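> Kindly generate the corresponding structure for this input.
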Amino acid sequence: MAGTVGLARHKPLGILRARHKRGSMDEAATPSSSISGAHSATPPPIDAPIFLVGCTRSGTTVLSLMLGHHPDIAFVSELEWVWDCASARRHDELDLSAYHAWLTTHRAYLFHSLSLDRALSFRALTRDLFEQLRKTHDPSLAKSHVGCQVHRHYEEALRTWPRARFIHIVRDGRDVCASWIKFGWLGNGYEAGVRWKGALLEWERVKELIPEAQRTEVRFETLIQEPEAEIRRLCAFTGVPYDNRTLRYHEDTSYEPIDPKQAGKWRKQLTQREVQLFEAVAGEALLANGYALSGQPALPIRPWDRALIELDDKFKHHRARAKRYGSPLWLADIATRVLKLNALQDRVRLHMNEIENARLR
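Just a heads-up that it's a prediction; the model follows:
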């Protein structure tokens, strides 16, 4: 679902301190001092999931398909959405009643036919949802390892599963930008640069909390140029033997086989201005990750330019949403959120879910 859920437009929820009853903190929360601690015993696989992290359109879906075709690994799509509910926050805590109401109309929750145990604390509920997703993809629980994509909220994922293994994938941000604009998730190169750079900064911060043995890095460009070598390395990191079925994922999915030509598509898909806008905000991050700049003249961004860029992004983003959902539903979505008409907003979201699910089919 990586290519369908899209980019979260709201601010990240951050670390949630969930409560079930007033004054009762989540019993499963892990103190920060224990996150980077060593563990002598090998934990059961569900306590040490494989998290494939990185921003959307970075190759997370194709890599999850490859690893998910290993006979010992079950990949269960995405999980970051469980931490997306900003409207449920009250004073840096989680209002579980509001969270439950939000969750039961969420497209991923409905798409996977998940169930809600209202007696569980927030982190226990998160783990339960993950267990349900695992059973959907591996009903017999025969596979010894389980993983999923996490495109944001890396620290919350770590705190919920301190023993998790993290595979971080990075792709040239200009290719990511071209994809985001194509799907209408963002309106211009500048905003794409802000998001891509922000995702990298989030990972740089969180990876310091993860023991080195529990994390590794992948470049999308290396993966598509040397797929077997990279998959062999990732299998070793995960603790499973290499299996060439990982390279044959396209035989029973709608995805194309690995194609080295997927790198550098931004050169044909982005205008010169979009490239300049992206590099104006994320040029240093490109260089730091080994990507050469385009050579286009630097584009100065003045304060009034920034305001116009934000307006341009919002206009193009909303234009894409109006086209996708139809103007009446798009307007209803905006009106019910602005006016806080929660019951009507739930109905609108369900209609939007139907449209997105139809696109998936």
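
> what stretches of the stretch 51-200 of the chain score poorly on pLDDT?
Across the stretch 51-200 of the chain, residues meeting the criterion (pLDDT under 70) sit at 87-93.

> Which strand or helix spans residue 94?
Taking DSSP states H and E as the definition, residue 94 sits inside strand 93-95.

> I meant residue 181, not that one.
According to DSSP H and E, residue 181 maps onto helix 173-183.

> and the gap between the residue of the chain positioned farthest from its centre and residue 200?
Note on the chain: the largest C-alpha distance from the chain mean falls to residue 297, namely 32.4 Å (CA atoms, centre = their mean). Remark: distance between residue 297 and residue 200 (CB to CB, to the nearest Å) = 24 Å. Where you see a C-beta, it was placed from the backbone N, CA and C, and this is true even at glycine.

> again with residue 115
Distance, residue 115 to residue 200, using CB to CB: 36 Å.

> Could you do residue 331 as well?
Between residue 331 and residue 200 the computed distance is 35 Å (CB to CB).

> which of these two has more neighbours?
Each of residue 331 and residue 200 has its neighbours counted (other CB atoms under 10 Å); residue 200 has more, 20 against 14.

> Can you list the buried residues in stretch 351-361?
352-353, 356 (16 or more other CB atoms under 10 Å).

> same question, stretch 269-286
270, 274-283, 285-286.

> got the contact list for the helix or strand where residue 346 lies?
For residue 346, the enclosing helix or strand under DSSP H and E is helix 342-360. By CB atoms under 8 Å, 6 or more residues apart in numbering, the residues outside helix 342-360 that reach it are 1, 4, 101, 105-107, 110-111, 324-325, 329, 332-333, 336-337.

> Separate out the buried members of the residues you listed.
The neighbour count (16+ other CB under 10 Å) marks 1, 4, 101, 105-107, 110-111, 325, 329, 332-333, 336 as buried among those.

> right, and the helix or strand after the strand holding residue 94?
Moving toward the C-terminus from strand 93-95, the next helix or strand (DSSP H and E) is helix 96-103.

> which helices and strands sit right next to the following helix or strand past that following helix?
On the C-terminal side of helix 96-103, the nearest following helix or strand under DSSP H and E is helix 107-111. Where contact means 3 or more CB pairs under 8 Å, 6 or more residues apart in numbering; DSSP states H and E, helix 107-111 is packed against helix 342-360.

> what is the orientation angle of the helix it packs on with helix 96-103?
40 degrees (axes from the mean of the first three to the mean of the last three CA atoms, to 10 degrees).

> I'd like the average pLDDT over helix 342-360.
The pLDDT scores in helix 342-360 average 81.

> ends of stretch 218-235, how far apart?
Length of stretch 218-235, first residue to last, CA to CA, to the nearest Å: 13 Å.

> Now do that stretch: distance to the chain's middle.
From the chain centre to the centre of stretch 218-235 is a distance of 20 Å (CA atoms, centre = their mean, to the nearest Å).

> For it, give me every contacting residue.
Here stretch 218-235 makes contact (CB under 8 Å, 6+ apart) with 58-59, 63, 66-67, 70, 167-172, 175, 216, 241-244, 246-247, 258-260, 262-263, 290.

> One more: stretch 264-271?
For stretch 264-271, the surrounding residues in contact (CB under 8 Å, 6+ apart) are 172, 174-175, 177-178, 181-182, 189, 275, 278.

> cutoff 7 Å now
With CB atoms under 7 Å, 6 or more residues apart in numbering as the contact definition, stretch 264-271 has outside contacts at 172, 174-175, 177-178, 189.

> Can you tell me which helices and strands the helix or strand residue 134 falls within packs against?
Using DSSP H and E, residue 134 maps to helix 122-137. Judged by 3 or more CB pairs under 7 Å, 6 or more residues apart in numbering; DSSP states H and E, helix 122-137 is in contact with strand 73-78, helix 154-160.
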